[in-house]
Structures are given as C-alpha cells and as structure tokens.
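**Student:** sequence-free structure coming up:
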C-alpha cells in the first residue's frame, strides 16, 4: 500500500521495515502511510501485529529501521533531542515515580523540556485530579494513574502525540473526558496517533484507521468507509411479533413492502446493516477482539 | 546541563523518600563517626589500620547499589521509557547516575580519612587508590540494572558484586607471603589495597603501580558495564 506524501503531512512513512535482533521475520514489513496535521490516526491490530514496533520507531525508541520516515518535514534520523520537545507519548501502562506526588511527577518531567510546560495544577484539573495533586502516586488507582499518564504526555504542548490505550482502566465518565480532550487537541491542530483495541474510542475519535496484521497494513481508510465496505447495504426492521425483515438500502424510499410495514404501525426498531468496527477488525485481521489467537477470517 | 541537574536533584529526593536508602546513608556516616571517635579516644589502636581500610572498601559498592536500585525501580515501573522519549539524553542521564554517587563517595572517603586519621598518608598518595575504589560505585550502578530483570535479581546480583569487591579485605588478615594471596588480585579492589599498603610501607613506586593497575582494571570493568547498560537501555 503506497502512501503519497503531501505538504500538510506531519508523518510520512514509506516502506518501513523493522526486524528485531535474532528474529528472521520482520516485526514491521513494508508499511507506508501518511498522517496529516490535525488528524487522529488509529493504529489497530491484534497483539504482535507490529503496532507497538511502528510506534516505537516513530517515537525513536527503536532507531535502526529500514525505509523512509519523515516527521514534521524532516527525516526521522536527522532529528536530535529537539524531536522530543515536539512529541508527546502516552504509554499503555501507567508509569510514574510512585514515591513522588502527582505534581512532583509532572514538574520533574516538565523540567526536562526547554519549551515551557503548562502549570501542573491546570493539567490535573483537566482530568479531575486537582484535589490529588499533592498525594503520592502510590496511593492512586489505575484510572488516576492513567489520567496522569495522559496529561504528562501533553503538558509541554507537543505538536504530535502518540497515545497507547489512553482510556484503558478508566470509568465511562473519565474515559469520556479523555476522549473529549483528545478531540480538542485535534481541533487545535495537534496530530494524534492512537493505538487501541477499544473500537468505541476509534469510532468516536479517529479520522482514519489502519489495521495491522503480521507487520503489514491489511486495511487503511476512514472508519465509516470500512464499516460500509464490510457491511451489507440493507436495513433490518423489527416488528412487534419479534420478526426481523430485511430490505435493500438502495431504493428503500420506493420499496412498497417497506412502506407498507412502516404504515402497519408494528415497527419497533430499524437497523442499518453496516458492519461494526469489531466486525471489521475480525474480518480484516482474522482475530476476534476478545481472543488472543486468530480465528478463521470471515 | 539543566536536565542533568534535574535528574540529579530528582535522584537525591528519591533517596530521601526511601527509608532503606536513608538507612544505608545514615549508617555509613554513623560507622565512620564511630570509628573516628574511637580513634581519637585512643581505643583499640591495633584495629585502626584495618578498620579504616575495611570501611573504605566496604561502603563504596553500597552507594552504587542505591543508584542502581533507582534505575532498576525506573525499569520495573516503566518510567525509564518516559525518560527515553524525553529530551533528556540517555548519555546525560547515564553521567548523572555515575557522577553523583562517585562524587559522594570521594567526598565521604576523604572526610572519613581526615576525620579518623587512622592511617597517615598525604593526599596525593590517598588519591590514586581511593579513585580506584570509587570506580566500584559506577561499576555496581551500571552493572546491576544492566543485568537484572527486577529488584529481587538486583539485590542478589548486588550481593555478588559487593562480595567481589569486599573479598579484597581478606588480604588484611592473611600473611603477606601466603601462597594464595595472588588469587585476591582477581579483584581490582585488592590492587587499591596493595597500593595503600605499599604507600604505608614507604614504597611509593609500588604504591602508584598497584593503584594505576587497579584503576585500569576497574576502568575496564566499568567500560564493560557501561556497554551492557547502554545496550539494555537501547532495548
């Protein structure tokens, strides 16, 4: 899958390959894509598909890769430590200095950046942690630590943000707050690369998503396009007697049977038959989200 | 430079937050103070020489252990990943972690030597062997996190490394002409000890030779540990 770089692209990756030492098979095998400024790009796939490796290459945790990677208009390998001034990374698991308070954690990491960071208290207020600013992180729940992870990644106002499962361990209210903040970041022109298994997050946030399987992209498109491509252009109508009747979506307004059913007054529900992203995930990757092992591709 | 200072400041605060680490530092000071008091009270003069050398050798790996555990803790909790994607360079953090404990043990060694005055040698004769011994700090600081997967392994490995350094003190208690004495040369701490003994005996050339040999020996061990440490960080 070739990617054509454009002027507004923050990330441009061409034929990226990465092979771990001692492995014969590459973890990432000829991946190409671009991400535009202000876009939320989803990197999805089963465990071991190469998502984390791709993200590690892009965040310079893995440096010896094949192919071309250009970030913010500059080849990745030519960036110095100033690269880290301009990116933010939120990790999948909470990782903090447990004997330090939340404010001390944020302040310490802020002190490593040349660019000014926002006030830790303001950052914590964004995710409802302001009352816990001076509590040691060892007393925090997983959800609180994840929220602290998130604000640490963005406190220095990076242009490009990599987030790995940012809503993992969060209750629906706090997950909603974090998702709304991610959407705000994109609206403010920040670019977000989101790695997650949460299809609800993907559906709500991502402008485009890619599915990785065995180190390659199996699909890359908008969520809506993928759902349509893997669904059926039908509507299912449920009636009071528990019957489900399907009608073709094309020409639905002129379908006499559908119109008669509507007029009958027995309709209880109508569902379009586009695929859910869970279904797309299973179709494209051959894995079910609740299973570690592959199932036969449907 | 500011980033290195931030890491150093952070490490110092980390040590004060851990009661075991605080105990290690406090005990070093208490033991040195006690030895100095006994010396100045004139008690147990036959033990002054060995006590001074024993304490000099034995406490240094312990300081390395403190900083090694800070790094192991970061690896355990995943915080080192955050450092790796921050503008703080891995090499800068590496130097912060090596220079701070080394500076501390050097300051402590000379404060102790001057306070106790159990062995009277001029500063320029103390310096080479003490520098050699101080390299055990960097060695432990780097090798423990380079080879350990968790804190339990780190503690076990530290005990082995500590023994490797401290075994040199056996040389204080065996005859000078014992046939098995050369076995102790397998640890560079023993070279530093031989250097001090040579200076005490007035054999300056031998004192410098032993110290220089120990410095090279320990330097190689530190270089190897640094290579393993940086390789582990890159993984």
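**Tutor:** Happy to help now that I have it. Bear in mind that the values here come from a model prediction, so they are computed numbers and not experimental data. Residues are numbered from 1 along each chain as shown, chains lettered A, B, ... in the order given.
**Student:** quick one: the strands in the stretch 1-150 of chain A, in order.
**Tutor:** For the stretch 1-150 of chain A, strands defined by DSSP state E, counting those that start in this stretch occupy the ranges A:9-18, A:28-36, A:40-44, A:66-71, A:74-75, A:87-90.
**Student:** just give me the neighbour total for residue B:183.
**Tutor:** Counted with other Cβ atoms under 10 Å in any protein chain shown, the neighbours of residue B:183 add up to 13. Yep, even glycine has a C-beta here, placed from its N, CA and C like the rest.
**Student:** now it: how far from chain A?
**Tutor:** Plainly put, residue B:183 is 37 Å away from chain A if you go by Cβ to the nearest Cβ, to the nearest Å.
**Student:** and the pLDDT at that residue?
**Tutor:** You'll see residue B:183 listed with a pLDDT of 93.
**Student:** do residue A:86 as well
**Tutor:** pLDDT recorded at residue A:86 is 95.
**Student:** could I get the strands of the stretch 1-150 of chain A as JSON lines with distance to chain B?
**Tutor:** Converted to JSON lines, the strands of the stretch 1-150 of chain A look like this (distance: least, Cβ to the nearest Cβ, whole Å):
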{"stretch": "strand A:9-18", "distance to chain B": "14"}
{"stretch": "strand A:28-36", "distance to chain B": "17"}
{"stretch": "strand A:40-44", "distance to chain B": "16"}
{"stretch": "strand A:66-71", "distance to chain B": "13"}
{"stretch": "strand A:74-75", "distance to chain B": "16"}
{"stretch": "strand A:87-90", "distance to chain B": "4"}
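**Student:** can you check the pLDDT for the residue of the stretch 51-200 of chain A found nearest chain B?
**Tutor:** The minimum distance from the stretch 51-200 of chain A to chain B, using Cβ to the nearest Cβ, falls at residue A:95 (3.3 Å). Note on residue A:95: pLDDT of 93.
**Student:** returning to what we had before: got the strands of the stretch 1-150 of chain A as TSV, with mean neighbour count columns?
**Tutor:** Shown next, in TSV, are the strands of the stretch 1-150 of chain A (neighbours: other Cβ atoms under 10 Å in any protein chain shown):
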stretch	mean neighbour count
strand A:9-18	21
strand A:28-36	21
strand A:40-44	26
strand A:66-71	18
strand A:74-75	11
strand A:87-90	25
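**Student:** of all the ones you listed, which one is nearest residue A:254?
**Tutor:** Across the strands of the stretch 1-150 of chain A, residue A:254 has its closest neighbour in strand A:40-44 (37.4 Å, Cβ to Cβ).
**Student:** and the longest helix for chain B?
**Tutor:** Longest helix of chain B, by residue count under DSSP state H: helix B:45-77.
**Student:** flag every residue of chain B that's near chain A.
**Tutor:** Residues of chain B lying close to chain A by Cβ under 8 Å from any Cβ of the partner chain are B:2-3, B:6, B:10, B:13-14, B:17-18, B:77-79, B:81-89, B:234.
**Student:** return a PyMOL selection command for the buried portion of these.
**Tutor:** Selecting only the buried entries of those in PyMOL, with 16 or more other Cβ atoms under 10 Å in any protein chain shown as the criterion:
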select buried, chain B and resi 3+6+10+14+77+79+81+82+83+84+85+86+87+88+89
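**Student:** hang on, isn't the residue of the stretch 51-200 of chain A closest to chain B packed against residue B:82?
**Tutor:** Yes. Using Cβ atoms under 8 Å, residue A:95 is in contact with residue B:82, at 5.8 Å.
**Student:** show me what the spatially most central residue of chain A is bridged to.
**Tutor:** When chain A is reduced to its mean C-alpha position, the nearest residue by Cα atoms, centre = their mean turns out to be residue A:194, at 2.7 Å. Beta bridges link residue A:194 to residue A:42, residue A:163, judged by DSSP bridges.
**Student:** now whichever residue of chain B sits closest to chain A. Nearest residue, chain neighbours left out?
**Tutor:** Proximity of chain B to chain A (Cβ to the nearest Cβ) peaks at residue B:78, 3.3 Å away. Among residues not flanking residue B:78 along the chain, residue A:95 sits closest, at 3.3 Å (Cβ to Cβ, 6 or more residues apart in numbering or on different chains).
**Student:** neighbours around the one you found, how many?
**Tutor:** 21.
**Student:** for the residue of chain B closest to chain A, what are its contacts?
**Tutor:** A:91, A:93-95 (Cβ atoms under 8 Å, 6 or more residues apart in numbering or on different chains).
**Student:** and for residue 133, the neighbour number?
**Tutor:** I went with chain A, as the question did not name one. Around residue A:133 there are 16 other residues, counting by other Cβ under 10 Å.
**Student:** that was the other one, I meant chain B.
**Tutor:** The burial count for residue B:133: 31, using other Cβ under 10 Å.
**Student:** ditto for the one 3 residues further on
**Tutor:** The local packing count at residue B:136 equals 31, with neighbours defined by other Cβ under 10 Å.
**Student:** tell me how far it lies from residue A:236.
**Tutor:** 74 Å (Cβ to Cβ, to the nearest Å).
**Student:** can you check residue A:30 too?
**Tutor:** 40 Å.
**Student:** which helix is the longest one in chain A?
**Tutor:** Under DSSP H, chain A gives helix A:172-187 as its longest helix.
**Student:** tell me the residue furthest from the middle of chain B?
**Tutor:** Most peripheral residue of chain B (Cα atoms, centre = their mean): residue B:85, 30.3 Å.
**Student:** leaving out sequence neighbours, find the closest residue to that one.
**Tutor:** Residue B:85's closest residue in space is residue A:89 (Cβ to Cβ, 6+ apart), at 4.4 Å.
**Student:** give the contact list for the one you found.
**Tutor:** A:59, A:153, A:161-162, B:82, B:85.
**Student:** among these, name the ones in helices.
**Tutor:** Using DSSP H, the contacts of residue A:89 in helices are A:153, B:82.
**Student:** in a markdown table, list the contacts of residue A:89 along with distance to residue A:136 and pLDDT.
**Tutor:** Shown next, in a markdown table, are these (distance: Cβ to Cβ, whole Å; pLDDT from 0 to 100):
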| residue | distance to residue A:136 | pLDDT |
| --- | --- | --- |
| A:59 | 28 | 94 |
| A:153 | 21 | 95 |
| A:161 | 27 | 97 |
| A:162 | 27 | 96 |
| B:82 | 17 | 93 |
| B:85 | 24 | 93 |
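**Student:** farthest-separated two in the contacts of residue A:89?
**Tutor:** Across the contacts of residue A:89 (Cβ to Cβ), the longest gap, 14.0 Å, separates A:161 and B:82.
**Student:** can you give me the end-to-end span of stretch A:222-237?
**Tutor:** 27 Å (Cα to Cα, to the nearest Å).
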